[in-house]
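>>> From the sequence below, what's the structure:
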Amino acid sequence: MEDLEKNNREKILKSSNEVKKAKNILKMSYITGNDNFDEIYDALEQISEDYIFIGNMKTMVFKYPAPFIKRVGFPTEIMQNPFTYWKNIIVESDWKKFQESTLNVLKGESKYQNIEFRVKDVKGNITWLRKKSVVIRDEFGSTVTIVGNISFLGKQNKIDPITGLMKITEFFKNFNKKLEKEYIENIGMMIIGVDDFEQINQLYSRQTGDRVLKNLANVIQYNIPDDISLYKLDGDNFGLILENVDKDEVRDIYSKIKDSLGKIHFLNEENVAINISAGCAIFPKNGITYQELYKFAVYSLLYCKKTGKNKLVFFSEEVIENKVKHFEILYFLKQSIDNNFENFEVFYQPQISTKTKKLKGFEALLRWKCEKYGNVSPVEFIPLLEETGLISLVGNWVLEQSLKTFKSWLEKYPDLKISVNLSCVQLINKNCIPDFKKILEENEFPRENIFFEITESTTVSNIKTLKEIYEEIKALGVNIALDDFGTGYSSFGILKEIPVDMVKIDRSFVKDILNSSFDVTFIKFITEICHNYGIKICIEGVERKEELDLLEGLNVDYIQGYYFGKPEPEKVISEKYLK
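Purely as a prediction, here's the structure:
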């Protein structure tokens, strides 16, 4: 113990002596006018863990350590007027801040400098630096020496290594600092998240996801004003601190970022399409602490993703009410699954041949009744199943129940087709093909009578990855239908890439068909192309006879919609259509 204390005393004494030595050297330099430039620098470098720099303000000659210039790409350790080189590596939006802070010191308006900014290193990575400096003046008040240190903040675990942005801890710290300012009227906290980011990681790779985040950070940074700070938060989320702004200004910022994303593809080789959702809470209206505001901004983001995605939502009482309901519905969903899928039921909607007006098949549609909220819309509960990964369990149950029901119907009507929807989350589950194969074999169902429906919006942004899965599904002997066709940005590319047997044109092209020549032309055009390649066409959302009459002339194959029948339980379907 005595030896340990002795060693500690010696280390402290040595450190103290080094500091005294440096102070003496600086004092000597001040008197003599910087004749001991190299000695001052060497002494300081020995007692600091950061990168020490020193400058002679009479000659404007600066010296930086060799490891530092190697990392940032400066040409040499000793440089005259190095500010051109600084401008080359500092991120453009941070240059003005760096320039003003440095000029204040050089002009004598400030004795100290303490600034954080971003630079690009020789590898092209963006990282944060902190630059501290102090000036020494002669007896006439003129600056003769500037001494300082530079530290890479990533070493202190403050920087996200992928995007080069400050992490969530700095986000909270800097937001809290702004709350302490007396002149602040309001501060907006906006959180931006990537829609379906986990699917990008699963369909491609973590490396692909990292590149998306890095590119997205650059897009956001490019589209926000210089006085707005951007941070990398947890997961795929980014944070913005918006000082003294109103809701319209927040909307403008979000719209500008969103519009920029719509004009580019992040990864040409994989053609990854990116959409973003955002939630925003504002001080002091929504909360007075950064913890409250962060919680409410996250709630708003989750509400946004749950109610359609690809938009901005401001915090409100509706968001809180929805959050409470979200947790309750999720609890009841898990309870239903644990109780052997209690309160789940499969409904069936008829599909009719356009030419013969005879029954051609049914689409199986999942329904669920909650103990507290009654019948819950699939639009509300299916995203919850997807978020939690429970959709694979429930999807397999739907397939199994549909095949069992249909098997009895096929005894009387052997040509009937059953269409079952598949979620993208099911498809990227590594067990999906083995599960499908097992269910098909156990039920001994004729596979030519099955259509697996996959939404086009799922397919277009992941076409190369999903193509292999589709081919595996096709190898099972079943048919593939592409649902909601026409809603994606590259619909025709899908028909070329994947083995589709039927295209279901989205109902949005039917609702105005009596007044829209574009919708008529679109359906006619798609039908002709698909028929050339042996692909059938089914039109969804037909509700009026006038729509049916018009569609008959367009040579489509099947019709589905309320005009012929709404989705109903097995018993009702049997009595109404299959006597």
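>>> Would you check how far apart the residue sitting nearest the centre point of the chain and Val398 are?
Centroid check for the chain by Cα atoms, centre = their mean gives Val194 as the closest residue, at 1.4 Å. Using Cβ to Cβ, to the nearest Å, Val194 is found at 29 Å from Val398. C-beta: built from backbone N, CA, C; applies to glycine.
>>> Same question for Ile241.
45 Å.
>>> How is Lys258 assigned, secondary-structure-wise?
helix (DSSP: H, G, I helix; E, B strand; the rest coil).
>>> Pretty sure it sits against Asn310.
Yes: using Cβ atoms under 8 Å, Lys258 makes contact with Asn310 at a distance of 7.5 Å.
>>> So these two - more neighbours on which side?
Higher neighbour count among Lys258 and Asn310: Lys258, with 20 against 15, using other Cβ atoms under 10 Å.
>>> Without its sequence neighbours, what residue ends up closest to the more buried one?
Sequence neighbours aside, Ile276 is the residue nearest to Lys258 in space, at 6.3 Å (criterion: Cβ to Cβ, 6 or more residues apart in numbering).
>>> Show me the beta-bridge partners of the one you found.
Beta bridges link Ile276 to Val194 when assigned by DSSP bridges.
>>> Next: the one 4 residues further on.
Beta-bridge partners for Cys280, by DSSP bridges, are Met190, Phe314.
>>> Count residues in the vicinity of it, would you?
Cys280: 28 neighbours (other Cβ under 10 Å).
>>> Ok, the one 4 residues further on next?
Neighbouring residues of Pro284 were enumerated by other Cβ under 10 Å; the total is 12.
>>> Kindly provide the distance from Ile78 to Gly287.
Taking Cβ to Cβ, one finds Ile78 at 52 Å from Gly287.
>>> okay, these two: which has more neighbours?
Legend: neighbour count by other Cβ under 10 Å for Ile78 and Gly287, higher for Gly287 (18 against 13).
>>> Give me the secondary structure label for that one.
Going by three-state DSSP: Gly287 is coil.
>>> so what's Ala281 up against?
Gly188, Met189, Gly287, Glu292, Leu293, Tyr294, Phe296, Ala297, Ser300, Phe314, Phe315 (Cβ atoms under 8 Å, 6 or more residues apart in numbering).
>>> so can I have JSON lines of these showing pLDDT?
Converted to JSON lines, the contacts of Ala281 look like this (pLDDT from 0 to 100):
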{"residue": "Gly188", "pLDDT": "92"}
{"residue": "Met189", "pLDDT": "95"}
{"residue": "Gly287", "pLDDT": "89"}
{"residue": "Glu292", "pLDDT": "92"}
{"residue": "Leu293", "pLDDT": "93"}
{"residue": "Tyr294", "pLDDT": "94"}
{"residue": "Phe296", "pLDDT": "94"}
{"residue": "Ala297", "pLDDT": "95"}
{"residue": "Ser300", "pLDDT": "95"}
{"residue": "Phe314", "pLDDT": "96"}
{"residue": "Phe315", "pLDDT": "94"}
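>>> Return a PyMOL selection command for the buried portion of these.
To isolate the buried members of the contacts of Ala281 in PyMOL, using 16 or more other Cβ atoms under 10 Å:
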select buried, resi 188+189+287+293+294+296+297+300+314+315
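>>> correct me, but Pro499 touches Lys474?
Yes: under the criterion of Cβ under 8 Å, Pro499 makes contact with Lys474 at 4.8 Å.
>>> in the sheet, who's paired with Ile54?
Here Ile54, judged by DSSP bridges, has bridge partners Lys63, Val147.
>>> Low-confidence stretches in the chain?
Confidence mapping of the chain against pLDDT under 70 gives the ranges 1-49, 154-157, 202, 263-272, 456-465, 486-494.
>>> Which residue, other than its chain neighbours, is closest to Asn201?
Gly209 (4.3 Å).
>>> The one you found - that's part of a helix, no?
Yes: applying three-state DSSP, one finds Gly209 inside a helix.
>>> Next, count neighbours for it.
Neighbour count of Gly209, defined by other Cβ under 10 Å: 21.
>>> Asn310 versus that one, what's the distance?
For Gly209 relative to Asn310 (Cβ to Cβ), the value is 18 Å.
>>> likewise Lys58?
59 Å.
>>> if we can go back for a sec, could I get the contacts of Ala281 as TSV with distance to Leu495?
Converted to TSV, those look like this (distance: Cβ to Cβ, whole Å):
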residue	distance to Leu495
Gly188	44
Met189	44
Gly287	50
Glu292	50
Leu293	47
Tyr294	45
Phe296	44
Ala297	41
Ser300	38
Phe314	40
Phe315	43
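>>> Identify the residues contacting the residue nearest to Asn201.
Listed by Cβ under 8 Å, 6+ apart, the contact set of Gly209 reads Phe197, Ile200, Asn201, Asp236.
>>> Now the buried members of those.
Phe197, Ile200, Asn201, Asp236.
>>> residues contacting the nearest residue to the first one once chain neighbours are set aside?
Think Phe197. Closest residue in space to Phe197, ignoring its immediate chain neighbours: Asp236 at 3.9 Å, by Cβ to Cβ, 6+ apart. Taking Cβ under 8 Å, 6+ apart, we find Asp236 in contact with Gly193, Val194, Phe197, Gly209, Leu213.
>>> Which residue comes closest to Asn443 once chain neighbours are left out?
Leu403 (4.4 Å).
>>> Make sure the one you found is actually in contact with Leu410.
No: using Cβ under 8 Å, Leu403 is not in contact with Leu410; the gap is 9.9 Å.
>>> More neighbours: which of these two?
Neighbours were counted for Leu403 and for Leu410 using other Cβ under 10 Å; Leu403 has more, 22 against 16.
>>> Tell me which residues of the helix or strand hosting the more buried one come out buried.
Assigned by DSSP states H and E, Leu403 belongs to helix 391-410. Within helix 391-410, the residues scored as buried using 16+ other Cβ under 10 Å are 391-392, 394-403, 405-406, 409-410.
>>> Likewise for stretch 153-172?
Applying 16+ other Cβ under 10 Å to stretch 153-172 flags 153-154, 158-160, 162-167, 170-172 as buried.
>>> want to try a markdown table for these, with secondary structure as columns?
Formatted as a markdown table, the buried residues of stretch 153-172 follow (three-state DSSP):
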| residue | secondary structure |
| --- | --- |
| Leu153 | helix |
| Gly154 | helix |
| Lys158 | coil |
| Ile159 | strand |
| Asp160 | coil |
| Ile162 | coil |
| Thr163 | coil |
| Gly164 | coil |
| Leu165 | coil |
| Met166 | strand |
| Lys167 | coil |
| Glu170 | helix |
| Phe171 | helix |
| Phe172 | helix |
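>>> so can I have JSON lines of those residues showing distance to Leu365?
Shown next, in JSON lines, are these (distance: Cβ to Cβ, whole Å):
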{"residue": "Leu153", "distance to Leu365": "53"}
{"residue": "Gly154", "distance to Leu365": "51"}
{"residue": "Lys158", "distance to Leu365": "50"}
{"residue": "Ile159", "distance to Leu365": "48"}
{"residue": "Asp160", "distance to Leu365": "43"}
{"residue": "Ile162", "distance to Leu365": "41"}
{"residue": "Thr163", "distance to Leu365": "41"}
{"residue": "Gly164", "distance to Leu365": "47"}
{"residue": "Leu165", "distance to Leu365": "44"}
{"residue": "Met166", "distance to Leu365": "47"}
{"residue": "Lys167", "distance to Leu365": "44"}
{"residue": "Glu170", "distance to Leu365": "48"}
{"residue": "Phe171", "distance to Leu365": "43"}
{"residue": "Phe172", "distance to Leu365": "45"}
